[in-house]
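Participant: Just a sequence and a predicted model for now, questions to come.
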Amino acid sequence: MTVTADVELVAVQGRTLRFKVSCSDENGLIGEGFHERAVIDHDKFMARVLAKSGQTGSSPQ
């Protein structure tokens, strides 16, 4: 069977994105719900990871 996923961005609040998701096949709806993701600043995130791990450079030790 072919499964189809439909995703719609329904809200943006600051850095948070909220999506409405539904999946169906030839027999109808399989499931539906909402999914949230947060946009991060990659450089700031990696600097915090490196600081916690005790590393100072951009390449792993």
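Facilitator: Structure's in. What do you need? Numbering: from 1, shown residues only.

Participant: Identify all contacting residues around the host helix or strand of Val21.
Facilitator: Using DSSP states H and E, Val21 falls within strand 16-25. Strand 16-25 is contacted from outside by 1-12, 29-39, using Cβ atoms under 8 Å, 6 or more residues apart in numbering. Every C-beta, even on glycine, is put in place using the N, C-alpha and C of the backbone.

Participant: same thing but 7 Å
Facilitator: Contacting residues not belonging to strand 16-25 are listed as 1-11, 29-39 [Cβ atoms under 7 Å, 6 or more residues apart in numbering].

Participant: for the spatially most central residue of the chain, what are its contacts?
Facilitator: Of all residues in the chain, the one closest to the mean position by Cα atoms, centre = their mean is Arg37, 4.1 Å from it. By Cβ under 7 Å, 6+ apart, the residues touching Arg37 are Leu17.

Participant: quick check, distance from whatever helix or strand it lives in to the centre of its chain.
Facilitator: Using DSSP H and E, Arg37 maps to strand 28-38. Its chain's C-alpha centre and that of strand 28-38 lie 12 Å apart, by Cα atoms, centre = their mean, to the nearest Å.

Participant: Just the CA coordinates for it, please, in CSV.
Facilitator: Once non-C-alpha atoms are left out, strand 28-38 reads as follows in CSV (Å, rounded to 0.1, in the frame of the first residue of the first chain):
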residue,chain,number,x,y,z
GLY,A,28,-8.3,5.9,4.9
LEU,A,29,-6.8,7.7,7.9
ILE,A,30,-4.0,5.9,9.8
GLY,A,31,-3.4,8.7,12.4
GLU,A,32,-3.1,12.4,13.0
GLY,A,33,-1.7,14.8,15.5
PHE,A,34,0.6,17.7,16.1
HIS,A,35,4.4,18.0,16.2
GLU,A,36,6.5,20.9,17.5
ARG,A,37,10.1,21.7,16.7
ALA,A,38,12.4,24.5,17.9
